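> Sequence first, predicted model second:
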Amino acid sequence: HLPRVPTVSPHVPCPPVCSQEGLAQCQRQAEEVAELMQQNMARAMEREGHLERLQSRAQDLRQASEAFIRSTRAVTQRQRRGQRRWLLVALGLGLFLLLLLLGLGLALALARSPPATATVPTPQAQTKPPPSTAGTL
């Protein structure tokens, strides 16, 4: 759909239609305006092509940035999982060493102390002398 092309230039008045020379001048002006309009349309189509390419590039960049964001999130999660794994390994190793040291300390403490003798409780001595059996017969 092409825009309406004026037949006369707004800046140059057209001579009266009566003369053949005026008609030719109006025709030349109309052809000039038509040529300018064709050039303008060609430039507009060229700009439209540039805009479409820019939109396509922008869409490609948007998709690339979304892919980059997804990949950085995945890498970050993997790094965090690895860090947590090493933290758990370090905590487990630390706990193991602590228990080992406590066990060694307990073993050394038991080895240094004299062996405990088992004592059997003896009955309490009574204060009454036992009845004598010497005088009875």
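That came through fine.
> Going by C-alpha atoms from here, please, whenever you check contacts or count neighbours.
OK.
> those helices in the chain, which residues are they?
Secondary structure of the chain by DSSP state H: the helices cover 20-112.
> what about it, any weak spots by pLDDT?
Residues of the chain meeting the criterion pLDDT under 70: 1-18, 115-123, 125-137.
> if you set the cut-off to 50 instead, what comes out?
Along the chain, the model assigns pLDDT under 50 to residues 2-3, 5.
> center of it, which residue is that?
With distances taken as CA atoms, centre = their mean, the residue of the chain nearest its centroid is residue 73 (3.3 Å).
> And it, how far from residue 80?
Counting by CA to CA, to the nearest Å, the separation of residue 73 from residue 80 is 10 Å.
> just residue 45 next, same as before
52 Å.
> Please apply the same query to residue 24.
Where residue 80 is concerned, residue 24 sits at a distance of 83 Å (CA to CA).
> now do residue 103
34 Å.
> just residue 62 next, same as before
Going from residue 62 to residue 80 by CA to CA gives 27 Å.
> Residue 32 too?
On the measure of CA to CA, residue 32 and residue 80 end up 71 Å apart.
> Same check on residue 39?
Residue 39 is 61 Å from residue 80, by CA to CA.
> do residue 72 as well
12 Å.
> which of residue 32 and residue 80 has more neighbours?
Under the criterion of other CA atoms under 10 Å, the comparison of residue 32 against residue 80 puts residue 32 first, with 15 against 12.
> From residue 109, how far out is the more buried one?
113 Å.
> Residue 19 now?
Distance from residue 19 to residue 109, by CA to CA: 132 Å.
> show me the contacts for residue 112.
By CA atoms under 8 Å, 6 or more residues apart in numbering, residue 112 lies in contact with nothing.
> From residue 105, how far off is it?
Residue 112 sits 11 Å away from residue 105, taking CA to CA as the criterion.
> next one: stretch 29-49 to chain centre, how far?
49 Å (CA atoms, centre = their mean, to the nearest Å).
> what's the answer for stretch 20-28, then?
71 Å.
> Start at 27, not 1
Fine by me, first position is 27 from now on; the one you just mentioned is stretch 46-54.
> how about that stretch: buried residues?
Judged by neighbour count using 16 or more other CA atoms under 10 Å, the buried positions of stretch 46-54 are residue 52.
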